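In: how would this look folded up:
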Amino acid sequence: MSHDDPRTFWDERFNQTEYYYGKLPNDFLKAQAKVFPRGGQLLSLGEGEGRNAVFMAQQGYEVTALDSAPAGLDKTQQLAKEKQVTVTPLLAHLKYYEFEPQAWDGVINIFCHVPAAVRRKIHQNLAFTLKQGGIFLMEAYTPEQLEYGTGGPKNIDLLYDPDTIRQELQGLELLHFEKVERNIVEGIGHDGPSSVLQVIARKN
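Out: Reported below is the predicted structural model:
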C-alpha cells in the first residue's frame, strides 16, 4: 500500500481496535506542552488516532484534530470520550486544506509526513494562520531514519531534511531546532532508535 492515496492507506491502518501508535502523547510534545499560549486554540495536523490532541485537551487547550482518515477521527473521538475531554474533529486533506488567517495559537505536527509540495504549502501558511505569539511545534523523521527502519515513511521524499525545513520556516523565529537521535516507543507504529528533527518556532 502506498501513501499516494493517504486517506485509504490511513483509514485501513486505523480501522482496528488497537491504537497503532498507542494512546500516550509524543514525548517531545509532552515535554514542551507549556510552550503554547495558555488555554489557546491548537490545530494538530495529521492527528491520526488522537493521542496528542487528547493530551493537549487535557492540558486545557481547545484542540482541533485534522486528518484525512475517518477511522482515525472516530478513534480520536473515542479516546477523547474515554479521557473526558473535547476535541474537534476536522476531516480534511492537507493538499486541499485552506488555512484561515490568524486562526490558531498553535499548530502541531507530530510525524505528519506529506509530499514536499504539501509540506511547503503548510510551512508557507504558518505565519499567515498563526496568531501573534503563536507557536509551531514539530517532530518529524529525517532522511537518516531510513537506516533505522523503526517507523515512518520508507520514501525519502516524505522525510524532513533539517536544512530544507530551516529555509521553509524563515518567516518564524526558531526557538528550538535540533536533529536528535532518540529511542521512540509509540504503539506498534514507532518502536526503537530513531533520527528526528524537533522544532519549536514562534510568530512574532
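In: chain center to the lowest-mean-pLDDT helix or strand in the chain, what's the gap?
Out: The helix or strand with the lowest mean pLDDT-type score in the chain, counting by mean pLDDT, DSSP states H and E, is helix 6-14 (a mean of 75). When distances are taken as C-alpha atoms, centre = their mean, to the nearest Å, helix 6-14 is centred 16 Å away from the chain's centroid.
In: burial measure for residue 134, as a count.
Out: 25 (other C-beta atoms under 10 Å). For glycine as for every other residue, the C-beta is placed from the backbone atoms N, C-alpha and C.
In: tell me if I'm right that it and residue 104 touch.
Out: Yes: when contacts are counted by C-beta atoms under 8 Å, residue 134 is listed as touching residue 104 (5.9 Å).
In: overlap in contacts of these two?
Out: Common contacts of residue 134 and residue 104 (C-beta atoms under 8 Å, 6 or more residues apart in numbering): residue 40.
In: which elements pack onto the least confident helix or strand of the chain?
Out: helix 70-82 (3 or more C-beta pairs under 8 Å, 6 or more residues apart in numbering; DSSP states H and E).
In: distance between the helix it packs on and the chain's centre?
Out: 16 Å.
In: could you point out the helix or strand that follows the least confident helix or strand of the chain?
Out: Per DSSP states H and E, helix 6-14 leads on to helix 27-32 as the next helix or strand towards the C-terminus.
In: list the buried ones in the very next helix or strand once past that next one?
Out: Sequence order places strand 41-45 as the next helix or strand after helix 27-32, per DSSP H and E. Along strand 41-45, these residues count as buried under the neighbour rule (16 or more other C-beta atoms under 10 Å): 41, 42, 43, 44, 45.
In: pairing partners for strand 41-45, with directions?
Out: Partners of strand 41-45 in the sheet, by DSSP bridges, are strand 62-67 (parallel), strand 104-110 (parallel).
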